[in-house]
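Colleague: Sequence and predicted model, in that order:
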Amino acid sequence: RYAFHSSSWLAAGRADPAAPGRVHFHPDSPAKGAQWMRQIVSFDKLKLTNNLLDDNGHIILNSMHRYQPRFHVVFVDPRRDSERFAHQNFKSFSFPETQFMAVTAYQNHRITQLKIASNPFAKGFRDGDPEP
């Protein structure tokens, strides 16, 4: 568990219990390697939530916790007894630059103001600014 203090993240106690583990399968899966190499692999349809009761298949996160996404490439083995080799048929990747903090509120007032100014649905949060 982390807290945002003096413009940086600090460890602030023990982590909350782990949320239910879920995996997101890319909508283009399964596909051959040549298909993956032809285009950018995007996860823009992946949805995150902090709702432990979510039944929409979203990935559940605990707020104020740090996360490191992992990317798994699985070989689809055509052999009949392929389940015997399942522990060998995948490779996992993680990229340090994809670490992030899950928050339910922005921890920087400037980011909050930027989001309010940029969001057409946030009119109620603006300080009486007339519509441009």
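Modeller: That came through, no problem. From a predicted model like this one, the values you see are computed outputs, not experimental measurements.

Colleague: Could you point out the longest helix of the chain?
Modeller: helix 109-118 (DSSP state H).

Colleague: Next, the buried residues of that helix.
Modeller: Buried residues in helix 109-118, counting neighbours by 16 or more other CB atoms under 10 Å, are found at Ile116. For glycine as for every other residue, the C-beta is placed from the backbone atoms N, C-alpha and C.

Colleague: Show me what stretch 23-30 is in contact with.
Modeller: Gln35, Trp36, Val41, Phe43, Lys45, Leu46, Ile59, His72, Val74, Val76 (CB atoms under 8 Å, 6 or more residues apart in numbering).

Colleague: Next step: those restricted to strands.
Modeller: Ile59, His72, Val74 (DSSP state E).

Colleague: burial count for the nearest residue to Leu10 once chain neighbours are set aside?
Modeller: Sequence neighbours aside, Ala3 is the residue nearest to Leu10 in space, at 5.6 Å (criterion: CB to CB, 6 or more residues apart in numbering). For Ala3, the neighbour count with other CB atoms under 10 Å is 12.

Colleague: Quick check: Ala3 touching Ala12?
Modeller: Yes: here Ala3 reaches Ala12: they are 3.8 Å apart, a contact under CB atoms under 8 Å.
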